[in-house]
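Trainee: Need coordinates for the below:
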Amino acid sequence: CMRGHGVDSNLICGTIKAAGPKPDGLHSVAEAPKKPVKDLLPAVVLVALWDAKSNSVRNVGSGFVVDKKQGLIVTAGHILFDMEEGRSFGTPYFGLKNAKVVIGIIPEGKTPNNNNEASFRYFAKIVADDIHSMDACVVKITSRLENDVDDESLLGQQTEIMFDAQEGQLPTLKMTKRFELEETVRILGFNQAGEGWLEQGKHVNRSADFAKGYICKQFKLADDNTESESDDSSSSGGGFSPREEIVIMCPTIPGHSGGPCVNEEGKVVGILSRADPVDRQRCYLVPSNELK
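Mentor: Residues are numbered from 1 along each chain as shown. Below is the predicted model of the structure:
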C-alpha cells in the first residue's frame, strides 16, 4: 500500500492460493490483466473539420467517446480552433461559416482485411472548451448520416438523420487522474503522416494504430500564477498558456492529436496535444483531470 505495508496479492485480486507446493519452488504471482489495444480502438474516433461550402476536409485528428448517452467526444482543440497567436486566436471552426465536425467510427463486424478502419457516420458541434488554458474541447454528436461514408468527398451527398442517443452503440473509455513516472502508456489514433506510397495531406487515413511510450514528467503552474495567467490570456485574447500538462516520451505521429493516451488498464491518462519542436519524441498531454 502507499504506506509501505505488504499484503498477499490474493487479497487484492480475489484469487485462491493453489493447494500444495509449486514445482521448482516457484510461487504463484497474480498479475493484473492488461487491456489490449484491439479492445480499446472501437471507442477511438476520427475527428475532422469539414467545410460544407468547398466540400472538403480542412483538419483531421483523433478523439475518444467519453459519454455514449449524450454523444460526447473529447478531442484536441487545435483541430477545430485557430490557435495561432494573434487576434484570431480561439476562433472556433477557424472562422468557416459552413463548417461542421464530422466523426468517423470503427463499425462493428469489420472484415479482417479491413480491420480498425473508420467510416464517417456522425456530425457534431463544439459544446465545451477552455482554449486559452488547454488544447482540448468537447464535441456533441448532433446527427448521423443515413449511410456510412468511406470517401470524405461524398459527405455532402448524404441525408442527415437525427441522432438517437438511446442507440447505445458507442463504446466509451474511462478516464483516470492517477499516473506515475515511468508508467507505460499508449497513444491511440489515426495516423495522417502518410505511409508507404500514400503522401501526407493527400488523403484521410481511416486506419487506427497506436504508439507506445512512458510518462517522464508532470508540469503544473503554481497556484499563485494560475489566476494571473488566466486573466492575462483572457484579456489579451491571443495566447495559449496551459495550466497543467503531462510529458511523455513517445513517437509522435501527425493525426494522433486528440487521441487518448491510455495506461495498461485501458484508462485515459490524457489526450495528445503536441510534440516538442526540438525533441519529437517528447510529447505533451492534456491530463484527464483537466478534461473532467
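Trainee: Just list whatever residues bridge to the residue nearest to Leu285 when sequence neighbours are not counted.
Mentor: In space, and not counting its chain neighbours, Leu285 is closest to Gly270: 3.4 Å by C-beta to C-beta, 6 or more residues apart in numbering. C-beta: built from backbone N, CA, C; applies to glycine. Beta-bridge pairing for Gly270 (DSSP bridges): Cys261, Pro287.
Trainee: so how far is Val247 from Gly270?
Mentor: 10 Å (C-beta to C-beta, to the nearest Å).
Trainee: And those two? Which one has more around it.
Mentor: Gly270 (30 against 16; other C-beta atoms under 10 Å).
Trainee: give the contact list for the more buried one.
Mentor: Going by C-beta atoms under 8 Å, 6 or more residues apart in numbering, Gly270 touches 246, 260-261, 285-288, 290-291.
Trainee: Next up, the contacts around the residue nearest the centre of the chain.
Mentor: Central residue of the chain (C-alpha atoms, centre = their mean): Gly259, 2.5 Å from the mean position. Applying C-beta under 8 Å, 6+ apart, we find Gly259 in contact with 44, 61-64, 187-190, 271-272.
Trainee: Can you tell me the closest non-neighbouring residue to it?
Mentor: Gly189 is the one closest to Gly259 (C-beta to C-beta, 6+ apart), at 2.9 Å.
Trainee: again with Asn289
Mentor: Lys177 (4.5 Å).
Trainee: now do Leu145
Mentor: Gln158 (4.3 Å).
Trainee: picking that back up, so is the residue nearest to Asn289 in a helix, a strand, or just coil?
Mentor: Of the three states, Lys177 takes coil according to DSSP: H, G, I helix; E, B strand; the rest coil.
Trainee: okay but it is in contact with Val268, surely?
Mentor: No - assessed by C-beta atoms under 8 Å, Lys177 is found out of contact with Val268, at 10.2 Å.
Trainee: joint contacts of the two?
Mentor: Contact criterion C-beta under 8 Å, 6+ apart; residues shared by Lys177 and Val268: Ser288.
Trainee: Name the residue in these two with the higher neighbour count.
Mentor: The neighbour comparison of Lys177 against Val268 (other C-beta under 10 Å) goes to Val268, with 26 against 13.
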